[in-house]
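Asks: show me the folded form of this:
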Amino acid sequence: AVAASLRVPPGERSAQDHAGILAWSRENVRLGEEVRLEQLCRVMEFEELAANRVLFRQGEVGDSYYLVFSGEVGMYAESDRSWEEALLNGEASGECVHVACSGDGFGELALLSGQPRALTAWTHTVVQLLVIRRKEYERLLS
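Replies: Next up, the predicted model:
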C-alpha cells in the first residue's frame, strides 16, 4: 500500500497516502531529529531502477538525497578501471565500501552542500527509492 502511495506524484497524494508514507518513514527512516520528517514525506519523489545500474557517479554534482524503500544500492570508490568497461560487462567498478538497504539514506553531502559525489552508487538489485531534491529540502528548512 505504501509503494502505491509513493508512486502518486507528491502534489496529488491524498491524506491517506501521506499518513501511510509518514508511518513507514517513522519506522524505517534513520535521519537526524532536526529533520521535519512529516514535511519531507510530502515532497519525496519515487524512483524505481533495475539491478546493475549506475544511479550517480563519483565526482558528479548532485542535488538529491536518496532513501532506500526496497532493494540494495552499493556505494563504490572508483578504481582505475573505467566504468564504461565495467558496464559493458554488467558489473560495478571499484571497491564497495557500503551497501544501503531499506531505510538507509545516502547523498546527503550533495543535498546539504552541493559537493561533488564522493562515491558511485550502483544498484545491486531492483531498487525503489524515495528522492528528496535540494530545492524542496531548502524550502522546508527556510
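Asks: going forward, measure contacts between C-alpha atoms and count neighbours the same way
Replies: Noted.
Asks: the bottom helix or strand of this structure by mean pLDDT?
Replies: helix 83-88 (a mean of 58; mean pLDDT, DSSP states H and E).
Asks: following that one, which helix or strand comes up?
Replies: strand 95-100 (DSSP states H and E).
Asks: can I get that following strand in PDB, CA atoms only?
Replies: Taking C-alpha atoms only, strand 95-100 is exported to PDB below (Å, rounded to 0.1, in the frame of the first residue of the first chain):
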ATOM      1  CA  GLU A  95      35.700  -1.100  -4.000                       C
ATOM      2  CA  CYS A  96      32.200  -1.500  -2.400                       C
ATOM      3  CA  VAL A  97      32.500   0.500   0.800                       C
ATOM      4  CA  HIS A  98      28.800   0.300   1.900                       C
ATOM      5  CA  VAL A  99      25.500  -1.200   0.900                       C
ATOM      6  CA  ALA A 100      22.400   0.800   1.600                       C
END
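Asks: please state the offset of the helix or strand just after it from the chain centre?
Replies: Next along the chain after strand 95-100, taking DSSP H and E as the criterion, comes strand 105-106. Offset of strand 105-106 from its chain centre (CA atoms, centre = their mean, to the nearest Å): 6 Å.
Asks: who are the packing partners of strand 105-106?
Replies: strand 64-70 (3 or more CA pairs under 8 Å, 6 or more residues apart in numbering; DSSP states H and E).
Asks: quick one: low-confidence ranges for this structure?
Replies: Applying pLDDT under 70 to the chain flags residues 31-35, 79-93, 141-142.
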